[in-house]
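K.L.:
Quick one, what's the 3D model for this:
(4 chains)
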Number of protein chains: 4
Amino acid sequence: MTLNVAIAGASGYAGGEILRLLLNHPAYISGDLTIGALTGGSNAGQSLGDLMPHLPQLRDRRLVDTNKDTLAGHDVVFLGLPHGFSAEIAQQLGPDTIVIDCAADFRLKNKADWEKFYGSEHAGTWAYGIPEMPGHREQIKNTNRVAVPGCFPTGATLAALPAVAKQLVEPTLNVVSITGVSGAGKKASVAMLGAETMGNAKAYNTAGKHRHTPEITQNLAEVTDKQVSVSFTPVLAPMPRGILTTITAPLISDEDPHAIYAEFYKDEPFVHVLPVGEQPQTKNVVGSNSVHIQVEANPDAGVLLVTSAIDNLTKGTAGAAVQCMNLTVGYHETAGLPLTGLAP
Amino acid sequence: MTLNVAIAGASGYAGGEILRLLLNHPAYISGDLTIGALTGGSNAGQSLGDLMPHLPQLRDRRLVDTNKDTLAGHDVVFLGLPHGFSAEIAQQLGPDTIVIDCAADFRLKNKADWEKFYGSEHAGTWAYGIPEMPGHREQIKNTNRVAVPGCFPTGATLAALPAVAKQLVEPTLNVVSITGVSGAGKKASVAMLGAETMGNAKAYNTAGKHRHTPEITQNLAEVTDKQVSVSFTPVLAPMPRGILTTITAPLISDEDPHAIYAEFYKDEPFVHVLPVGEQPQTKNVVGSNSVHIQVEANPDAGVLLVTSAIDNLTKGTAGAAVQCMNLTVGYHETAGLPLTGLAP
Amino acid sequence: MTLNVAIAGASGYAGGEILRLLLNHPAYISGDLTIGALTGGSNAGQSLGDLMPHLPQLRDRRLVDTNKDTLAGHDVVFLGLPHGFSAEIAQQLGPDTIVIDCAADFRLKNKADWEKFYGSEHAGTWAYGIPEMPGHREQIKNTNRVAVPGCFPTGATLAALPAVAKQLVEPTLNVVSITGVSGAGKKASVAMLGAETMGNAKAYNTAGKHRHTPEITQNLAEVTDKQVSVSFTPVLAPMPRGILTTITAPLISDEDPHAIYAEFYKDEPFVHVLPVGEQPQTKNVVGSNSVHIQVEANPDAGVLLVTSAIDNLTKGTAGAAVQCMNLTVGYHETAGLPLTGLAP
Amino acid sequence: MTLNVAIAGASGYAGGEILRLLLNHPAYISGDLTIGALTGGSNAGQSLGDLMPHLPQLRDRRLVDTNKDTLAGHDVVFLGLPHGFSAEIAQQLGPDTIVIDCAADFRLKNKADWEKFYGSEHAGTWAYGIPEMPGHREQIKNTNRVAVPGCFPTGATLAALPAVAKQLVEPTLNVVSITGVSGAGKKASVAMLGAETMGNAKAYNTAGKHRHTPEITQNLAEVTDKQVSVSFTPVLAPMPRGILTTITAPLISDEDPHAIYAEFYKDEPFVHVLPVGEQPQTKNVVGSNSVHIQVEANPDAGVLLVTSAIDNLTKGTAGAAVQCMNLTVGYHETAGLPLTGLAP
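P.N.:
The predicted model follows:
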C-alpha cells in the first residue's frame, strides 16, 4: 500500500529539509511513498521551483493553503508550522492520521513550563521524538502523534544523557551551544541578514530566556531522581547549518566516561562516540542524521566535558521527523537518513 | 556478481567525495558493490576515521600504499591522484580493469596543449567524461578508461555547448568562474588558510594561465567548425564548494536562446535549464550532481549571457566519476547521484 | 571655524560607514568638525547605541526625522537615502550647504538613461565624485553638490579607465563584479538572509538590467570618442564587504599595459597598481579607501584583463563621500581615509 | 625625539596588525615615530608588498633576519615570535630598549604552571599587559618589559574580573570562548584550510589542555583570596577574527551585577559595558581595541552569565601591545587605537 505524505509549511527550512530527505528515501524511490499536499501560508499558489530550487524533482508542484481540507486524505502529515498554529491544525487532523509535529506545542509535559516560556495555553503532550532516549523508541512506534524535539535539546540531551543517567556528574549543567543561522528560520529580518551574521558571533536569548531550556531539563529529569538545573547559552555563529554543543557539569565519578558513553550508545545507528582525542565538528554531520559525541574528564577543574555536533535541520528537525515516521510506519528506522556528512 | 571498487588517493577531497557517493549508492547498499582498497600517500597507515570523520561507516578502514599491488584485483579503480603520478599508476593497471581517472593526464587530445600547460610528456587521451556532450555517452559506455573532466571545464562546457553548437554566438567566449576553496585540494598552504580566504575574493591563474583553458576550448571545438577562443578567469570566493560560471559571447542569432537550451538538454537527467528569470545558485546544487543553467540575450551589449552552477566536488569531479562508472559498468546512469542540493 | 556635519539616513550601511570614517577623521579629533543631526526614517527616535553598536562614541545620540528642518544649519549634509527621496530632500537644502549625495539621483547626465533604468523623472546632474577621473577633482573642489558614484561603477571605471583612455582596447567591455552582501543594504529580506547567502554565489540583475550599467558607460565615454559598450554581470558572494571586478576587452595595442597603468595612476593616493603577478584581493582593501588594480594582456584570447578590488562601503560609497567632502571643504584629500585594509 | 620602533616577526598576523595600527598612529603620522627594522624567519629577504599587501605604505620594505643585530638601535621592539624563540631574542636586547612581547614566555608567575603547559624552562615574569587590571596600568608605565596577554585570557579576564573581585560569584568559572581562525596564526596546515574551517565549528585543546588556562586563573587570583578554578573550552568558528567569551559561575550575591560592572569599568576607555539587553557581537569590535561586555544573573540556574567580545588580533594581541607601548613611552594611552569596529 502506498503511503501518502503531506507537508504543512513546505516552504520553510524544516519543510524543505523533510522534502529533501523524502526525495532520497527508498520508499519514495520505489513508489511506496508519495508526496501529496505541500502547503504554505503567504506563499500558497507559488511553485516549489521558485521557493525551493534545490529540489528540481518538485519544480512544478504548487503550494496550497494550510488547512484541514488540503491536509485531509494523507496517511502522514508533517507539520513545519509556527507553534500555536501548528497545534490548531494538528487538532483538526483525523485520529488515524500519523502526525509528526516539528513545532514546540506538544513537547512539554509541564503546563506551567509551557505557559512561562510560550505565554499561551498548553495544547498537550505527545510522544517525544528522540528514539535514543530510554523507552522513547517504543513509545514512538506505538503512537500516531509525535512531537519532534527542538534542535538544541537534541544536541544537549544526547550529549548529557549518559553522564546524568550513569551518575558521572551532578545534574547541574552548563550548556553552551553554537548554532548556524538557519536555526532562525526563513523569515526576513535585519538581524539575520548575511551582512549582519557573516564574520560575527553573538549570544542571544541568554540567562534562562531560551524556550529550549525547559525541554532540556525535562529530558534529563527522565533519567535521574536529582533536581536537574540547566544554564543554557545559545550562540549564533556564521555558518548556515550545524550545532556544536559544549556541556560541563561537576564530576562525581572516577569511572572512564568514554567507555560508559561508548557502551550507552553502542546499538544506536546515528550516535557516534568518537575515538578518544577526536572532537566533533559540525561539518562532519551537515546534511546527515548523525550525532558525533566526545566526552572527557577535566579533573583539574572538577568537571566532565561533553561535546556534540548535529545538523540542526536534519537530526535537529527534519531527520528526526523522518526517523520518527519510519518507526511509526514500520519502515527501517534508518531508511532515507544519511549517516555521512557533507565535508568539506 | 559483486563489483569490487578501489579508490587511489582516498584521503583527498575527490577521493572522499567518491566514497561519500558510493556509501549512498544503491549497489553498495544492496551489497552488489564493495569498497576495496583505499590508498594514500603520506597518509598510508592512518585510519579513515581520523582522515574522513564524516564517513563513519568506514571509520576502521586503513589507507594502504598507492601501487599496482594494492590496486590489483579490483573491477573498478578510481584515481584521485596528482597528475603525472596518476598516469604512472594508470599505466600499471590491467586492461580489464575499469579505470576512472580524476586527474588531468588523459583529458587533452592535443600533445602541444598538454606540453604547454603541464610541462611534461603527454600520456595519451581517454574517453572524456562529460556524458552530456554529443557522442560522449556512447564512448564512455564502450570503454574501460575514462578521463573525468576538470571542474571548471564541466561548468563552462555545459553552459556554452548549446550556444556554440546551435550558432547563437561567435565562439569567442569570455568565461569568469567563481569557485569555492575546496577546488585547491587538501594540501597545507598559507594562501588557502581560512584566515586568508574567509571574507576574500581574488582572481588567480589569470589571462590564459589556468590549465583548464585548453580543455574548455577542446570541448567546444567539438561542436563548431569555427575557431574557438576562450578568455578564462577563475575567481576564488569564500565558500567551501561550488562553481558559478558566467559566460558572455557575441550574439549572432535572434532565436530564443532559452527555448534552444531547454530543448538541447530536455533528456538530460542532471542538467536543469531554470525558468526564465531565475539565476543558478551554487547552494542549490551543493552535494548534488545537478547542473543549473540560465541563458539570456543582452542585445544592448550585443552578447549572450549564460550562467551555470555546479558543485566542483560532485558534478565537477566525484559525481562525474561515479556517473561514468555507472555508464561503463551498466548501472543506471543516475544511480547514487543526488539531484537535490543541500540548501540552505 | 568648526564644520558642522549632518548625516541623513544614518542608520543604513552607508550612513554608518560615513560615521565610522568621521569619528576617526583628524578634523573630528581636533574638534574642527562636529557631527550634528543624524536622521532616520522608521528608526527615528532610536538611539545609535541600539542601531550602530560598533560606534560607541555615539551610543547616546538619537536619530531624528529626515526633513529640511532637522538638516538645516549644517555646513555639510551627507545623504544616505533611497534614490527619489534623496533628490527630494536635496532640493530642499540651502544653496550654501555642501551636499554629498550617496544615492543615484544626480549621477547620470542622460535623461533617457535615467528614465529607462530608474523609471522616474530625472532630477538633474551634479559633479560626479570620482576624483581620479580626468578633470573631476577640480569639478568637485569647485562645487557644493557632489553625486557619489555607485560602488560597481567605482571599481569598474577605475579598472577600465587607462585602458580605454590610452586605447589599449576597444571599448567593448565585459565586466563581471563579485560583490559582498552589504551592497544590498540594511533591509530585511529572505533572499539576503545569512542562511541564504552563506556558502552561495549567484548572479543577479543580469544582461543589462543592473542600474549601474549606464553609469559605467557614461564614465568611460568621457575618455574615448568610440562607442562604449558594457556587458555587466554582478555576482553576489558570501562575504560582508568588498567588490572584485574583472574586465576583459579586445586588445588593440602591443604596449605594456602595466607600465601605462602605473604611469596613469602614479600620483593618485588611493589607487595602487600592484606589482606584476600579484592579483587584487578584497581582503586587502576592506575598511580602506584603497583601490588595488592589476592588468595584463592575454594575447592568446586577444583580450586585456583588468582586475580591481575595493571596499563597496568605503571607496565604493562612504570613503568616496568623505574624499569628496575633503576636496570641497579644502581639507587634505586623504584626511581620515585609511590606506590600509583590515587583513586577515 | 623620534621613537624608532622595530617589529620582530613582522610577517605573522600579530606583526601585521601591529604595523596596521602603527601606520595609523598619530605619532607615526606626525613623524615622531618611525618604523625601523621588520624581521622575519624563512621570509627574510621578501618584500612586505608580497607578504602584507594590505599595507601599501610599506610595500617596498624588506624583511631582515631576526637577531640582536637587526633589532639593535631601536627604542621599542615588538616581538611577534613563537614562544621560546621570543624569550631567546628578548634576553639579547639591551636593558634600555622597551620590549613588548606578544609571546607567552613572560606571562606566567608560576614556574610549575609554565613547565606543565609549555614543557620547557621558565624564562621569567614581566609586567602583564592588561592595563585594566587593578594596579597593572602603573606597573606597565614603570617598566620597559611588557608581556602582552594571550587573546583568550584578555576576553575572559575582563569579563570575569568585576564578578570575582566584587564577590558576585564563587570563582569556579566555566569559560567557553568562540574564536575566529586567525588565532591559529599564519602557518600552513590542513586543519586550518578554508575548506576545512568554513561552515564548521569545533572545540579544541579541551578539558584543561589549552595553554591559556593557567593565565586566566592567575589573573583572577589577583582579586580574590578564594581558590580559583577554571574550566576552559575554546571553540573554533568560521570567521577570520573575533572572540566571543561566555562565562558562568555560581551566583552568590543579589546585588545588581550590571550596575557593578558599569561602575567597575566607568573610567576605562576601551571597555564598554553594554546597555541591559544588548549582547556583545564580535563584528562590533573587529579592527578595534574595544571590549564589549554584558552581564546578567540567571537565578533559575543559580549562575551569573558574563559575555564579552574582542578582536583577537587587536585588543587580544596587537592593540594591547600598542596600548602598552603608549603607556610605557608616555603617549596618550588610546593613541592610534580605534574604538570603532568594522561593521557590517
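
K.L.:
For the residue of chain A positioned farthest from its centre, which non-adjacent residue is spatially closest?
P.N.:
Ranked by distance from the centre of chain A (Cα atoms, centre = their mean), the top residue is A:Asp300, with 33.9 Å. The shortest distance from A:Asp300 to any non-neighbouring residue, by Cβ to Cβ, 6 or more residues apart in numbering or on different chains, is to D:Gly208 (4.6 Å). Every C-beta, even on glycine, is put in place using the N, C-alpha and C of the backbone.

K.L.:
And for that neighbour, the neighbour number?
P.N.:
Neighbours of D:Gly208 under the rule other Cβ atoms under 10 Å in any protein chain shown: 20.

K.L.:
That one is in contact with A:Ala301, isn't it?
P.N.:
Yes: D:Gly208 is within contact range of A:Ala301, at 6.1 Å (criterion: Cβ atoms under 8 Å).

K.L.:
what touches both of those two?
P.N.:
D:Ser231, D:Phe232 (Cβ atoms under 8 Å, 6 or more residues apart in numbering or on different chains).

K.L.:
List the contacts of A:Trp92.
P.N.:
For residue A:92 the amino acid is Gln, not Trp. By Cβ under 8 Å, 6+ apart, the contact set of A:Gln92 is A:Asn67, A:Lys68.

K.L.:
Surely A:Leu158 is in a helix?
P.N.:
Yes: counting by DSSP: H, G, I helix; E, B strand; the rest coil, A:Leu158 is part of a helix.

K.L.:
Could I get the contacting residues of it?
P.N.:
A:Ile130, A:Glu132, A:Val271, A:Val291, A:Ile293, A:Ser308, A:Ile310.

K.L.:
Of these, which belong to helices?
P.N.:
Of those, none are assigned to helices by DSSP state H.

K.L.:
Pick out the most distant pair among the residues you listed.
P.N.:
A:Ile130 and A:Ile293 (13.8 Å; Cβ to Cβ).

K.L.:
Looking at those two now, which is surrounded by more residues?
P.N.:
A:Ile293 (25 against 20).

K.L.:
is the more buried one in a bridge, and if so with what?
P.N.:
Under DSSP bridges, the beta-bridge partners of A:Ile293 are A:Val273, A:Ser308.

K.L.:
what sits against it?
P.N.:
A:Leu158, A:Ala159, A:Tyr261, A:Tyr265, A:Val271, A:His272, A:Val273, A:Leu274, A:Pro280, A:Val306, A:Thr307, A:Ser308.

K.L.:
Can you add distance to B:Thr179 and pLDDT and give these back as CSV?
P.N.:
Shown next, in CSV, are the contacts of A:Ile293 (distance: Cβ to Cβ, whole Å; pLDDT from 0 to 100):
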residue, distance to B:Thr179, pLDDT
A:Leu158, 36, 98
A:Ala159, 36, 98
A:Tyr261, 40, 98
A:Tyr265, 39, 98
A:Val271, 35, 98
A:His272, 31, 98
A:Val273, 36, 98
A:Leu274, 31, 97
A:Pro280, 28, 98
A:Val306, 38, 98
A:Thr307, 32, 98
A:Ser308, 32, 98
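
K.L.:
Name the nearest of those residues relative to chain C.
P.N.:
Closest approach between the contacts of A:Ile293 and chain C, by Cβ to the nearest Cβ: A:Pro280, at 20.0 Å.

K.L.:
Strands of chain A, start to end?
P.N.:
Taking DSSP state E as the criterion, chain A carries its strands at A:3-8, A:33-40, A:64-65, A:76-79, A:98-101, A:127-128, A:145-147, A:172-179, A:202-203, A:229-236, A:243-250, A:271-273, A:291-298, A:303-310.

K.L.:
export the ones you listed to a markdown table and tack on distance to D:Ala318?
P.N.:
Below are those laid out as a markdown table (distance: least, Cβ to Cβ, whole Å):
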| stretch | distance to D:Ala318 |
| --- | --- |
| strand A:3-8 | 52 |
| strand A:33-40 | 51 |
| strand A:64-65 | 58 |
| strand A:76-79 | 52 |
| strand A:98-101 | 51 |
| strand A:127-128 | 50 |
| strand A:145-147 | 51 |
| strand A:172-179 | 26 |
| strand A:202-203 | 23 |
| strand A:229-236 | 25 |
| strand A:243-250 | 28 |
| strand A:271-273 | 40 |
| strand A:291-298 | 31 |
| strand A:303-310 | 31 |
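
K.L.:
what's the spacing between the residue farthest from the centre of chain A and A:His212?
P.N.:
30 Å (Cβ to Cβ, to the nearest Å).

K.L.:
what does A:Leu23 give?
P.N.:
29 Å.

K.L.:
repeat for A:Ala321
P.N.:
For A:Ala321, the distance to A:His212 - Cβ to Cβ - is 17 Å.

K.L.:
between these two, who's got more neighbours?
P.N.:
A:Ala321 (28 against 24).

K.L.:
I'd say A:Ala301 and D:Val230 touch.
P.N.:
Yes: between A:Ala301 and D:Val230 there is a contact at 6.3 Å, judged by Cβ under 8 Å.
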